[in-house]
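[1] Here's a sequence, model it:
(one chain, ligands or ions: 1)
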Amino acid sequence: MSTLPALWRSSHPGPTVVVTVLAVVLGVSAGLDAARLALLGGAVFAGQLSVGWSNDAIDARRDAAVGRADKPIARGEISARAVGVAASVALVVALGMSAVLGPAFLGVHVVALASAWSYNAWLKRTAASALPFAISFGLFPSLATLARADPLPATLWASAAGAMLGVAVHFSNVLPDLDDDAATGIRGLPHRLGPRTSAVVAFVAVAAGAIAVAVGSVVPGSAGAGPAGIAPVVTAGLVIVLAIATAGLVRAVRRPDRTVFRLVMLAALVLAVQLAVAGVSVAA
Ligand SMILES: CC(C)=CCC/C(C)=C/CC/C(C)=C/COP(=O)(O)OP(=O)(O)O
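    Numbers count the residues shown, from 1 in each chain. Sure thing, here's the model as predicted:
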């Protein structure tokens, strides 16, 4: 049966898995117990599935028009209707699991998901295309801290880093699709700026996110400051992220493609691991 593999490939599986792992890592950092960690991971995973599936269902006609080989709907492996139904079911599951974690978590996850769905349905075609990424990923660290029994928003530093990462993900993700998007009338902010400028924006954003986390978790007296001993760990993470960003910039100037997107995702993972290993609470 090929429906399930097609459905999985239609969900944007790479970003879905990476964002879920990031949520769980931040949840560990925020001190969640096993039950809350499982609920956080499940809610974020279902939410990401709903965002990925709704994106492909909404884009189905455009993807078919340009013969997107990476899109199961455009390849005729699954119908847009089936993927749309899966998106709705996943959204209901995400909201149900979020409700168990409490009203604050539910409210913030609703805003993050509404922002992501608004990108799929409308904003991706406009100059404000980066805004939903900044909003959803800016709220993302707070999902981990609001899942606690004593819910708290994330620190300003963690939220700023999340927003920067979101912007970086957007600017790198569209790079390989610029020609296809131009053919179907999609003109988001990266399309207006062009591939090289977009790649530069992506890596400047990811580096700024790394610096925000490092400063926020090390500077004495800042809301996210941890014990002095964490400084070397945080600094090492920052150096790794900056090295990945530099490699990405070199690659982007030569050929801004999907490898650039993967390097940004790698940098995002290093940041999250850096937080968890350092034991820095991202709660305000
Ligand atoms: C925390 C949280 C809810 C975060 C999600 C934020 C967000 C805006 C996600 C959108 C992800 C997505 C499906 C991008 C594909 O865009 P595309 O259509 O430009 O690319 P494609 O043509 O390759 O599918």
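[2] So is stretch 252-272 next to the ligand?
    No - Stretch 252-272 does not reach the ligand (Cβ under 6 Å from any ligand atom); its nearest approach is 9.3 Å. In this view, the C-beta of every residue, glycine as well, is placed from N, C-alpha and C.
[3] Enumerate the positions of that stretch that are buried.
    Applying a neighbour-count criterion of 16 or more other Cβ atoms under 10 Å, one finds 252, 256, 259-261, 263-268, 270-272 buried in stretch 252-272.
[4] out of these, what pair is the most spread apart?
    In terms of Cβ to Cβ, the buried residues of stretch 252-272 reach their longest pairwise distance at Pro256 and Ala272, which sit 24.6 Å apart.
[5] what's in contact with stretch 31-44?
    With Cβ atoms under 8 Å, 6 or more residues apart in numbering as the test, stretch 31-44 has contacts from 19-20, 23-24, 27-28, 93-94, 97-98, 100-101, 105, 109, 143-144, 147-149, 281.
[6] please redo it, this time with the cut-off set to 7 Å
    The contact list for stretch 31-44 (Cβ atoms under 7 Å, 6 or more residues apart in numbering) reads 19-20, 23-24, 27-28, 94, 97-98, 100-101, 109, 143-144, 147-148, 281.
[7] which residues in the protein form helices?
    With DSSP state H, the ranges of helices along the chain come out as 3-10, 13-29, 34-65, 80-100, 103-121, 131-146, 156-173, 178-183, 189-193, 195-218, 231-254, 258-278.
[8] May I see those helices organised as CSV, with mean pLDDT and distance to Pro72 added?
    Output for these, formatted as CSV (pLDDT from 0 to 100; distance: least, Cβ to Cβ, whole Å):
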stretch, mean pLDDT, distance to Pro72
helix 3-10, 96, 4
helix 13-29, 90, 11
helix 34-65, 97, 8
helix 80-100, 98, 8
helix 103-121, 98, 17
helix 131-146, 95, 24
helix 156-173, 88, 18
helix 178-183, 82, 16
helix 189-193, 93, 24
helix 195-218, 84, 26
helix 231-254, 86, 28
helix 258-278, 74, 18
